[in-house]
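Peer 1: Mind folding the following:
(4 chains)
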Protein chains: 2
Amino acid sequence: MEFEKLADILKALADPTRLKILSLLRTRDCCVCELVPIFNISQPAISKHVSRLKTAELVRETRKGQWVFYSINEKRLDEIGYALSNLPDLSEELRKLEQQGLTVRCE
Amino acid sequence: MEFEKLADILKALADPTRLKILSLLRTRDCCVCELVPIFNISQPAISKHVSRLKTAELVRETRKGQWVFYSINEKRLDEIGYALSNLPDLSEELRKLEQQGLTVRCE
DNA sequence: TATGTAAATAACAATATAGTTATATGGTTT
DNA sequence: AAACCATATAACTATATTGTTATTTACATA
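Peer 2: All right, here's what the predicted structure looks like:
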């Protein structure tokens, strides 16, 4: 996965409230009004958090009547774990650096 | 791992420059002066990025003469992958919510 | 000791993030 | 249609992030 894209998804993950939301969704799907009393923040704040998670495709939404239920996208979470342990290989970039004489040798 | 702590480490990861630095360090240890020509940013900017990674224990530093070499802490990276797929269980929290009658049923 | 190079820190500016309250939108129900 | 409830969006504020240039610190060497 590209650095920019991976960084964007990691930014969506890098917040304790959003991590906790994901954790709750692992137990079961929730709607915004269920999440609000769990956190000490307003409804719009929760709404923006889930929206951020949705943009990163970490959750999906399903409207049921007046409620919007959010569910976790476990696949996406696995993808991130995989991407972290398989970052793009940049050995070629370092080889170029060596050709330009910009590397440091100090043994 | 606690949400707060995990979020802090994810914040350290959630930047394309820092991800690329980690990726480079996977090939071999580098010092700041080697990283600078690879990125279009100043030496202090690179210095702050590696410092951020160090605080998150994603890299370690070793001084060799006038250079400071940074190496990746692969173990830490694995820890994050593990933590993401094993977020704290909050089913108890949801059970409390149900007792308070704050859950939504809509089938 | 004086000079040079590498890296870190300080002070600052621009932008992004995460919260607030007020309001709009979507769907339900009387 | 009117009232109601859940959610999203708008406008705004405070703080965090990420970069800059200038300076300091650490080490090596002429």
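Peer 1: For A:R52, give me its contacts.
Peer 2: Shown in contact with A:R52 (Cβ atoms under 8 Å, 6 or more residues apart in numbering or on different chains): A:12, A:18. Backbone N, C-alpha and C define where each C-beta goes, glycine included.
Peer 1: close to DNA strand C, is the helix or strand where it lies?
Peer 2: Per DSSP states H and E: A:R52 is located in helix A:43-55. Yes - on the criterion Cβ under 7 Å from any atom of the strand, helix A:43-55 is in touch with DNA strand C at A:44-45, A:48-49, A:52.
Peer 1: If we go by neighbour counts, what in the following helix or strand past that helix is buried?
Peer 2: Downstream of helix A:43-55, the first helix or strand assigned by DSSP H and E is strand A:59-64. Across strand A:59-64, burial judged by 16 or more other Cβ atoms under 10 Å in any protein chain shown covers A:V59.
Peer 1: and strand A:59-64, what does it pack onto?
Peer 2: Packing contacts for strand A:59-64, counted by 3 or more Cβ pairs under 8 Å, 6 or more residues apart in numbering or on different chains; DSSP states H and E, involve helix A:16-27, helix A:43-55, strand A:67-72.
Peer 1: A:A12 contacts A:V59, doesn't it?
Peer 2: No - with contact defined as Cβ atoms under 8 Å, A:A12 does not count as touching A:V59 (9.7 Å).
Peer 1: any shared contact partners between those two?
Peer 2: Joint contacts of A:A12 and A:V59 (Cβ under 8 Å, 6+ apart) are A:L53.
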